[in-house]
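Asks: Following is a predicted model, sequence given first.
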Amino acid sequence: MMLQKLQSLGRFVMFVFESLRWTFRKPHRFRLLLDEMQFIGNESLGIVALTAIFTGAVFAYQSWLAFVMVGTESLVGVSVSLALVRELAPVMTGLVVTGRAGAAMAAQLGNMRVTEQIDALEVMAVSPLQYLVGPKLIASTLALPLLTAIFGMIGNLGGYVVAVYVCGVDPGIYVAKLKYFMDPWDFYHGLMKAGFFGFLLAAIGTYQGFKAKDGAQGVGKATNDAVVYAFVCILVLDYFLSVLLPTGVRTQ
Amino acid sequence: MKAGQETSISATIPAIHLHEVYKHFEGAQLPTLQGMNLSVKTGTIHVLLGHSGGGKSVTLKHVLGLVQPDKGQVLVHGQNIGECSSVELVKLRRKFGMLFQNSALFDSLSVRGNIAFPLYEHRSELSEEEILRRVESLLESVNLSNCLNKMPSELSGGMKKRVGLARAIALDPEILLFDEPTTGLDPQTARVIDDLIVSTSRRLSASSLIISHDVHAALRIADFVSMIWEGRIIETATPENFLKSEQVVVREFLLSAGVI
């Protein structure tokens, strides 16, 4: 059982390694990269924005409920902002994009695998790793930080609206505390994480699709596995990246 | 045979040669291929007959390098596929054109997109107009016009096969592979596809390997017929001699098809 798990992990690592090797080899198909950026990035904007505004809003409200008990409600803004840019924005964006684009990658490639379309590509002397996987890996790695930045902005806006207009926190103090406590490296920390998550979700999604078999049932399983594995891996990786990546230096 | 090819490929070197190929898939009770020997002579049409699950499609995947043998050699124009790097394998595959059992058309592309795909990938010197002209000419060669902008989902099984054939020959391949090209088609359409396979193979002077279980078609279109049984070739002969085979399995196969 353990050996099988290790073999699976080895195959996944080989798949990623081979895909990267093919990705940077000529010919470069920028059109495919743009298409993937459009699908993974642009088309995820709506759901990311919706998730962000309510994540910021609910986090601000819960923080206020806690802080008001000890009279430190002026820290609601910085609490929301720090949590958003360093943790919630990259993780939530990763999970949302996994549910949308990661699942779609597994389903698309799984369907192509079981209908021999991937074999057809190989027979036509086109590497499917280069043609299908490479653009998704790059697009997802680039799109996730951008989506995360947007998530952070909209989430902060949601938090500000709830804190100021619902909970009655002074807007001047809210902003002043943000300026005082926040550091650009808090943003960079979140954006770097997002890049890792983007790569990971695309690697898992494409790998699961690539090894799909047994018709429609196999495609369904590949899609399900892609989402489950990517969710778990993002959450586990998040802890290690939080520890390892540099963050903003607190002034107090 | 294309100009210049005569000098580069010796007539004695088969287009495809499988030598003592063994393959046992993980989890399978028995090996799929057990000492498979097969030679497809350059410029001939070779039909590989056999029962379902007998290893015919696996043989084809070995020829394409999609599956590596556990033991034995697969040679294409004398080049050992097992010794090719992934980049060399991609280059080698430019010699092939293949018609898949279910056509394997890209369902997100139109008929035009499907046939133009190999041209965009490997003939980047061609202009849009030249590619369109070539696509139209390929469609005409498989007797299929007026469906340039249709999607694969709008085509019948026979039409898909013809589009698949047009795509397979877009780059004038030296070797044509067909995986059960007429399975699931009505007899009339199957005959049209068979005739197209012969005319296309002859026109391109390509070496063709056809995987089939249709004995009647095999005897009509093949230069050579082989029979696979339990993972190895038990008979290879011209259609006339194949009918006279003394092999019990071959005779039973011919008898069950109503040929003898």
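Replies: Cool, got the structure. Numbering: from 1, shown residues only, chains lettered A, B, ... in the order given.
Asks: Around chain B, pick out the residues from the stretch 51-200 of chain A.
Replies: Proximity of the stretch 51-200 of chain A to chain B (C-beta under 8 Å from any C-beta of the partner chain) is limited to residues A:111, A:115-117, A:119-120, A:122-127. C-beta coordinates here come from the backbone N, C-alpha and C atoms, glycine included.
Asks: mind redoing it with 6 Å?
Replies: Within the stretch 51-200 of chain A, the positions adjacent to chain B are A:116-117, A:120, A:123-127 by C-beta under 6 Å from any C-beta of the partner chain.
Asks: On the three-state scheme, the closest residue to A:Tyr207 other than its chain neighbours is what?
Replies: Nearest residue to A:Tyr207, sequence neighbours excluded (C-beta to C-beta, 6 or more residues apart in numbering or on different chains): A:Phe15, at 5.1 Å. Three-state secondary structure (criterion: DSSP: H, G, I helix; E, B strand; the rest coil) places A:Phe15 in helix.
Asks: Could you report the neighbour count for A:Phe15?
Replies: Neighbourhood size, A:Phe15 [other C-beta atoms under 10 Å in any protein chain shown]: 17.
Asks: before we move on, what about the one 5 residues further on?
Replies: Burial of A:Leu20, expressed as a neighbour count using other C-beta under 10 Å, amounts to 17.
Asks: Apart from its chain neighbours, what residue comes closest to it?
Replies: Once flanking residues are discounted, A:Leu20 sits nearest to A:Leu137: 7.3 Å by C-beta to C-beta, 6+ apart.
Asks: Now do A:Tyr61 against A:Ala125, distance only.
Replies: 58 Å (C-beta to C-beta, to the nearest Å).
Asks: give me every residue that touches residue 239.
Replies: Unless you meant another one, I'm taking chain A. For A:Tyr239, the contact set (C-beta atoms under 6 Å, 6 or more residues apart in numbering or on different chains) is empty.
Asks: my bad, chain B
Replies: B:219, B:222, B:225.
Asks: Longest helix in chain B, please.
Replies: helix B:187-204 (DSSP state H).
Asks: Just the ones in strands from the contacts of B:Pro239, please.
Replies: Those of these mapping onto strands are B:Val225, per DSSP state E.
Asks: Most neighbours among the contacts of B:Pro239, please name it.
Replies: B:Val225 (27 neighbours).
Asks: Tell me where the model's unsure across the chain.
Replies: Reading this off chain A. A:249-252 (pLDDT under 70).
Asks: Correction: the question concerned chain B.
Replies: In chain B, residues with pLDDT under 70: B:1-11.
Asks: if you set the cut-off to 50 instead, what comes out?
Replies: Filtered on pLDDT under 50, chain B yields the residue ranges B:1-9.
Asks: Dead centre of it: give me the residue that sits there.
Replies: Nearest to the mean C-alpha position of chain B, by C-alpha atoms, centre = their mean, lies B:Leu177 at 1.3 Å.
Asks: and it, backbone torsions?
Replies: phi -120, psi 140 (degrees, to the nearest 10).
Asks: B:His46: neighbour count?
Replies: B:His46 has 22 neighbouring residues, counting by other C-beta under 10 Å.
Asks: Quick check: it vs chain A, distance?
Replies: 18 Å (C-beta to the nearest C-beta, to the nearest Å).
Asks: so which strand or helix has that residue?
Replies: Here B:His46 sits within strand B:45-50, counting by DSSP states H and E.
Asks: about what we covered before: dump the residues of the stretch 51-200 of chain A next to chain B to TSV, plus secondary structure and neighbour count.
Replies: Shown next, in TSV, are those (DSSP: H, G, I helix; E, B strand; the rest coil; neighbours: other C-beta atoms under 10 Å in any protein chain shown):
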residue	secondary structure	neighbour count
A:Glu116	coil	19
A:Gln117	helix	23
A:Ala120	helix	25
A:Val123	helix	25
A:Met124	coil	23
A:Ala125	coil	18
A:Val126	coil	22
A:Ser127	coil	22
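Asks: how about CSV for the residues you listed, with distance to A:Ile40 added?
Replies: Written out in CSV, the entries for those read as follows (distance: C-beta to C-beta, whole Å):
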residue, distance to A:Ile40
A:Glu116, 26
A:Gln117, 21
A:Ala120, 24
A:Val123, 28
A:Met124, 26
A:Ala125, 27
A:Val126, 22
A:Ser127, 21
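Asks: What residues does the one residue sitting closest to the centre of chain A make contact with?
Replies: In chain A, the residue lying closest to the centroid (C-alpha atoms, centre = their mean) is A:Gly94, at 2.1 Å. Contacts for A:Gly94 (C-beta under 6 Å, 6+ apart) come out as A:197, A:234.
Asks: go again using 10 Å as the cut-off
Replies: A:Gly94 makes contact with A:102, A:140, A:144, A:147-148, A:193-194, A:196-198, A:200-201, A:230-231, A:233-235, A:237-238, according to C-beta atoms under 10 Å, 6 or more residues apart in numbering or on different chains.
Asks: Look up how far chain B lies from it.
Replies: Where chain B is concerned, A:Gly94 sits at a distance of 26 Å (C-beta to the nearest C-beta).
Asks: swap in A:Ala57?
Replies: According to C-beta to the nearest C-beta, A:Ala57 stands 39 Å off from chain B.
Asks: Look at that residue and say how many residues are nearby.
Replies: Neighbour tally, A:Ala57, other C-beta under 10 Å: 20.
Asks: That one: what secondary structure?
Replies: Put simply, A:Ala57 is helix when judged by three-state DSSP.
Asks: Please name the nearest non-neighbouring residue to it.
Replies: Excluding its sequence neighbours, the residue lying closest to A:Ala57 (C-beta to C-beta, 6+ apart) is A:Gly158, at 4.0 Å.
Asks: Would you double-check that that neighbour falls in a helix?
Replies: Yes. With three-state DSSP as the criterion, A:Gly158 is part of a helix.
Asks: show me the contacts for it.
Replies: A:49, A:52-61, A:80, A:84.
Asks: now these as a markdown table including distance to B:Val40?
Replies: As requested, these are arranged in a markdown table below (distance: C-beta to C-beta, whole Å):
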| residue | distance to B:Val40 |
| --- | --- |
| A:Ala49 | 59 |
| A:Ala52 | 60 |
| A:Ile53 | 64 |
| A:Phe54 | 64 |
| A:Thr55 | 62 |
| A:Gly56 | 66 |
| A:Ala57 | 69 |
| A:Val58 | 68 |
| A:Phe59 | 67 |
| A:Ala60 | 72 |
| A:Tyr61 | 73 |
| A:Val80 | 70 |
| A:Leu84 | 64 |
